[in-house]
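[1] Sequence plus the predicted model coming up.
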Amino acid sequence: MSSETMILGRMRQVDLREVWTSEDRHFTPWLAEAENLELLGEAIGIELELEAREKDVGTFRADILCKNSAEDDSWVVIENQLERTDHRHLGQLVTYASGLQAKTVVWVSPQFCEEHRAAIDWLNRLCRGEVNFFGIEVELWRIGDSPAAPRFNVVARPNEWEATVGDAKAGIDAGEGNQSQQLRLRYWTAFRQFLTDNRSSLRPQKPGRSHAYLFGIGTSRAHTAGLLITREKSISVELVLSKVDAKDLFQELISRKEEIESKIGATLEWREMPDNKTSKIAMYTEADGYDERDWPNQFAWLQKSLEKFAEVFRSLCAR
């Protein structure tokens, strides 16, 4: 069809009140649904698992309480509103973060005023990664008579580069962090930039000194990880099953071993680990993490393998 005859729809922004007339009875329940938390999680790079709605914090109630299920199971508090940001909600955010010892705080609103955007930036500078604050503007868009579609725009977030550099410097100043730990931090920081430059579908977390770098795959039952194993001069990608049904899920997957390995395109290592609450499925390749000239090749293998694991295991691990 030529461009002269092609008919295109026109996007129209929809007032939130056309869809959600009440914050507590409509917007909060909608946002707490798994598929919508997944959209929000994609915007901020965190795997969100719902823990509670209207969670009591003293005499107050936090709108939504989640866990960062792919990284460390830390608490994530979500405060949402259908109006422009205000001082009352800002105070509630700080109260909830303190009362619940949350590591991540997310403020969702259709419009952030500059003063509150600056306040979120100030809190992130002050906390330096101990607590992470996000400001999210929510929009609704419609093409013709189509259903309204949500879009989350991040307008304030932690300065991850500053926090990472600050953490590394603090560790060195305190005499912490051996050569391997410092290498891992540089390695995963460079890998994160590699994923961004190559427009990967992966949602990387903040880099750290661990040998493992974790990624969500859209389900709370499992996550993937890239591993840098300097002692054995290898890198690895693994699927980690860590919930209460990990052993049952492992048996379901191993019963389809041939099919899964055919889709992955490699022979996998299947580790049930009966004496451990977790089970893992992994594959390895030789790689010297100390050889920075080879990092692009290693990063390409990690990206391709992690994306393939996510593609194959996402539906297989879904409830």
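    In hand now; what should we look at?

[2] Roughly how far does residue 260 sit from residue 250?
    12 Å (Cβ to Cβ, to the nearest Å). For the C-beta atoms, the positions are set from N, CA and C on the backbone; glycine is no exception.

[3] Of these two, which one has the most company?
    residue 250 (22 against 19; other Cβ atoms under 10 Å).

[4] wait, is the more buried one part of a helix?
    Yes. Assessed with DSSP: H, G, I helix; E, B strand; the rest coil, residue 250 lies in a helix.

[5] Am I right that it is in contact with residue 279?
    Yes. With contact defined as Cβ atoms under 8 Å, residue 250 counts as touching residue 279 (4.0 Å).

[6] Point out where the chain drops to low pLDDT.
    1-5, 58-59, 69-73, 160-178, 319 (pLDDT under 70).

[7] how far away is the residue sitting nearest the centre point of the chain from residue 203?
    Nearest to the geometric centre of the chain sits residue 46, at 1.9 Å (Cα atoms, centre = their mean). Going from residue 46 to residue 203 by Cβ to Cβ gives 8 Å.

[8] Which neighbouring elements make contact with the helix or strand encompassing residue 91?
    Assigned by DSSP states H and E, residue 91 belongs to helix 87-100. For helix 87-100, the packing partners by 3 or more Cβ pairs under 8 Å, 6 or more residues apart in numbering; DSSP states H and E come out as strand 48-57, strand 60-68, strand 75-80, strand 104-109, helix 114-127.

[9] of all those, which lies closest to residue 87?
    helix 114-127 (8.1 Å; Cβ to Cβ).

[10] So what touches that closest one?
    85-86, 90, 94, 107, 131-135, 155-159, 162-163 (Cβ atoms under 8 Å, 6 or more residues apart in numbering).

[11] Give me the next element, helix or strand, following it.
    Taking DSSP H and E, what comes next after helix 114-127 is strand 132-143.

[12] intersection of neighbour lists for residue 46 and residue 203?
    What both residue 46 and residue 203 touch, as defined by Cβ under 8 Å, 6+ apart, is the set residue 216.

[13] What's the end-to-end length of stretch 109-120?
    Taking Cα to Cα, to the nearest Å, stretch 109-120 runs 13 Å from one end to the other.

[14] before we move on, what about stretch 7-24?
    40 Å.

[15] cool, stretch 29-38 as well?
    14 Å.

[16] quick thing: my sequence starts at 117, can you match it?
    With 117 as the first residue, the last one maps to stretch 145-154.

[17] buried stuff in it?
    147-148, 153 (16 or more other Cβ atoms under 10 Å).

[18] For these, could you give me a markdown table that also reports secondary structure and distance to residue 237?
    A markdown table is the format used below for these (DSSP: H, G, I helix; E, B strand; the rest coil; distance: Cβ to Cβ, whole Å):
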| residue | secondary structure | distance to residue 237 |
| --- | --- | --- |
| 147 | helix | 24 |
| 148 | coil | 27 |
| 153 | helix | 25 |
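
[19] Distance to residue 231 added to those, as JSON lines?
    Below are the buried residues of stretch 145-154 laid out as JSON lines (distance: Cβ to Cβ, whole Å):
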{"residue": "147", "distance to residue 231": "24"}
{"residue": "148", "distance to residue 231": "28"}
{"residue": "153", "distance to residue 231": "28"}
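
[20] tell me which of those is nearest to residue 315?
    residue 153 (23.8 Å).

[21] can I assume that closest one is in contact with residue 182?
    Yes. The criterion here is Cβ under 8 Å, and residue 153 meets it with residue 182 at 6.7 Å.

[22] and the lengthiest helix in the chain, what does it pack onto?
    Looking across the chain with DSSP state H, the single longest helix is helix 411-433. In this structure, helix 411-433 makes packing contacts with helix 295-313, strand 338-345, strand 350-357, helix 362-370, helix 373-380, judged by 3+ Cβ pairs under 8 Å, 6+ apart.

[23] so which of these gets nearest residue 401?
    Of all these, strand 350-357 comes closest under Cβ to Cβ, at 6.1 Å.

[24] Just the CA atoms of that closest one, as CSV, please.
    C-alpha atoms of strand 350-357 as CSV (Å, rounded to 0.1, in the frame of the first residue of the first chain):
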residue,chain,number,x,y,z
SER,A,350,34.0,-18.4,32.7
ILE,A,351,30.7,-16.6,32.4
SER,A,352,27.3,-18.1,32.9
VAL,A,353,23.6,-17.5,32.5
GLU,A,354,21.2,-19.2,34.8
LEU,A,355,17.5,-19.5,35.6
VAL,A,356,16.9,-19.3,39.4
LEU,A,357,13.8,-20.9,40.9
